[in-house]
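A.B. asks: Below are the sequence and a predicted model; questions follow.
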Amino acid sequence: MYLVGAGPGDPGLLTRRGAELLAKADVVVHDRLSATELLDLAPASAERIDVGKAPKHHRMTQEQINALLVERGLAGQMVVRLKGGDPFVFARGSEEAQSLIDAGVPYEVVPGITSALAVPAYAGIPVTQRFSSTSFTVVTGHEDPSSGDGTVDWDAVARVGGTIVILMGVGRWPQIAARLLAAGRSPDTPAAAVRWGTRPTQHTTRATLATLADHPLDAPSVIVVGHVAGQDLAWYERRPLFGRKVVVTRARSQASALSDRLRELGAEVVESPALAVVDPTDGGIALLAALADVAAADWLVFTSPNGVDRTFAHLPDARALAGVKVAAVGTGTAEALADRRIVADLIPPRFVAEGLLEVFPPPPSGGGRVVLAAAAAARPVLPDGLRAAGWEVEVVPVYGTVPVTPDPATLAQIEDADAVTFTSSSTVTNFCQAVGPDRVPPVVASIGPVTSATARDLGLYVDVEASPHTIDGLVDALVVALARTGRVRLD
C-alpha cells in the first residue's frame, strides 16, 4: 500500500517515486484533485477508483475510503492511494495510515509537493522575502466541524507576522478575515486567492485583507495574506497558450509528444483520440514474411513512427538490415528509427509521400526492390510513384487504425475548446464522423497539405498549417493562429 502525494495539479510536479509506483499499480484510489494525466501513468489494466470529495458531495465517506484501502491491501493488491498535494498536509493521510496500521497492512508514504508552496509560486507570489517576510504560517480554513468555533488561534496567527497561507479557507474566508483584522492585521495588507493553482485553469484574484471577500471566490483556492501577496512575479499565467483549451486527436499511444509540448506552453489539453492503432487484419503474417527476406531488398521505407514501432517489434536483430538502405518520411519517423540505432539514409525535405518521390533515387540497372512498411489503408501515391519509376515495390501492412468515439465528458470538453489539431487525414475523417462538423472547435490546425485537403473536403476551414510538417511546427503554427484570433498572448 502506498500513500502517494500527487502534488497540487500540474502532473509534472509528481515525484519520480510516485511515477514509479503508479507504473506498477494494480489499483489506483484517487481523489478529486488528482490530474487525470497522472492516471494514465498506471497500466491500462489497473483499476481506477474515484473517491474524490467535492464541497457538500462525497462519493465515499472517509471511513469507507479507509475500509476500501484495508480491503485491497489485505487482498495483496499493489494499491496506490493518490492524494492531492501531500498526504500528511491537511489531507487525512494520517487517518488512512492509522487504519492500515490497525489492520496490519504494510504501507509507505510518498510525500508530494504541497499546494501551500507550489500554488503561490505558480501565481508569482514568493511566500518569503529576505527583509519583509521572514516566516510563513500554513493553516487550514476547513476545521473539524465538531470543534465548534474551531481550534485555530487566529489571534496568534495574526501576531506571528510574516506570510499566512490558508488552505481550504474559501468557505469561511469572511470570518477568517474578520478575525485577522480584529487581531490587528492592517486592512491594507495584500491578500490573494489562487484557484486551481498549477493548472491551465489557474485564476489569481489580488486584493487586500479587507477587500478580498468582495470578489467572487471559489474552491479549491489557496489564500495568501501578507506583504508578499502584493508581489506579481507571474510566469505561469504568461505562457503563450495559458488558459486555452486544445483538442489533440492523435492516437493515445502517439499523443504524448504533442500534448506535452502544448502543456509546456500553458494549454489545457483534451486528448480525444480519433483513432486507435491496431494489428493489421492478417495478424502480421505479411510483415513476418517480408522481414524474413528483407536482406534481399534495396530499400526499406517507413512513413510513420507507428510503422517503425510495429516493424521492429518483429525484427529480433537490427543486423538483419545490413546492406539495406532505410528511408523515413518525416523527422518523427527518423527519430523513431534513431531510437533503434538506425540512421535513416534518406529523409525528404517535404515530409509527405510526394516529397519522398521527388528525391528517391532511380533503381539500379536490372531493377531493384523496395519494401514499404505502411498503414493498411495508406494512400497509394508512394507505391504507385515508385513503381512508375521502375522499382519493384512490396507494400507491407504493418498496422491498421480503427475509429474511436469520445465519451460524453470528452465531448463536453471538445465543445468548450479553442482549437483542434489534426496530424493525419484519418484523424480528420474519424473526428468529424464522431463529433460532427458543427462541434469542431473554432480554430483548426493541420500538420500538412494532405491533412488540410481532407479537412477542407469535409467542409472545415483550416486556420493554419504546420511548416515544417512536424509536431513542433504544428505547435508553432497553432500559437500564431490563436494569436490572430485574440485567444493567445505573445508578450
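C.D. replies: Thanks, I have the structure now.

A.B. asks: Name the next helix or strand following the worst-scoring helix or strand of the chain on mean pLDDT along the chain.
C.D. replies: Least confident helix or strand of the chain, by mean pLDDT, DSSP states H and E, is strand 57-58 with a mean of 60. Sequence order places helix 62-74 as the next helix or strand after strand 57-58, per DSSP states H and E.

A.B. asks: low-confidence ranges in the chain?
C.D. replies: By pLDDT under 70, the low-scoring segments of the chain are 33-35, 53-58, 143-150, 485-491.

A.B. asks: Give me the longest strand you can find in it.
C.D. replies: The residue-count maximum for a strand in the chain (DSSP state E) belongs to strand 392-403.

A.B. asks: In this structure residue 174 contacts residue 213, no?
C.D. replies: Yes. The pair residue 174 and residue 213 qualifies as a contact (C-beta atoms under 8 Å) at a distance of 4.9 Å. Any C-beta I mention is one placed from the backbone N, CA and C, and that applies to glycine too.

A.B. asks: Please give the element, helix or strand, for the nearest residue in space to residue 25 that is not next to it in sequence.
C.D. replies: Leaving out its chain neighbours, the residue that sits closest to residue 25 by C-beta to C-beta, 6 or more residues apart in numbering is residue 80, at 4.4 Å. Under the criterion of DSSP H and E, residue 80 resides in strand 79-83.

A.B. asks: Also residue 371?
C.D. replies: If you go by DSSP H and E, residue 371 is part of strand 369-375.

A.B. asks: helices and strands around that strand, which ones?
C.D. replies: Counting contacts by 3 or more C-beta pairs under 8 Å, 6 or more residues apart in numbering; DSSP states H and E, strand 369-375 is packed against helix 285-292, strand 299-302, helix 305-312, helix 381-388, strand 392-403.

A.B. asks: Pick the most buried one from these.
C.D. replies: Most buried of the helices and strands packed on strand 369-375 by mean neighbour count (mean count of other C-beta atoms under 10 Å) is strand 299-302; its value is a mean of 26.

A.B. asks: Give me the contact list for it.
C.D. replies: 294, 308, 311, 321, 324-329, 333, 336-337, 356, 368-373, 382, 391 (C-beta atoms under 8 Å, 6 or more residues apart in numbering).

A.B. asks: One more pass at 6 Å, please.
C.D. replies: Residues outside strand 299-302 that contact it (C-beta atoms under 6 Å, 6 or more residues apart in numbering): 308, 324, 325, 326, 327, 328, 333, 370, 371, 372, 373.

A.B. asks: Out of those residues, which is nearest to residue 130?
C.D. replies: residue 333 (52.0 Å; C-beta to C-beta).

A.B. asks: Just want the angle from the helix or strand hosting that closest one to helix 305-312.
C.D. replies: Assigned by DSSP H and E, residue 333 belongs to helix 331-338. Taking axes from the mean of the first three to the mean of the last three C-alpha atoms, to 10 degrees, helix 331-338 and helix 305-312 form an angle of 20 degrees between their directions.

A.B. asks: Domains in this structure, by residue range?
C.D. replies: By the record's domain assignment, the chain is partitioned as 2-113, 116-237, 245-274+404-484, 278-402 (automatic domain parsing).

A.B. asks: who touches the spatially most central residue of the chain in this structure?
C.D. replies: Nearest to the geometric centre of the chain sits residue 37, at 5.0 Å (C-alpha atoms, centre = their mean). Each residue near residue 37 by C-beta under 6 Å, 6+ apart is listed here: residue 11.
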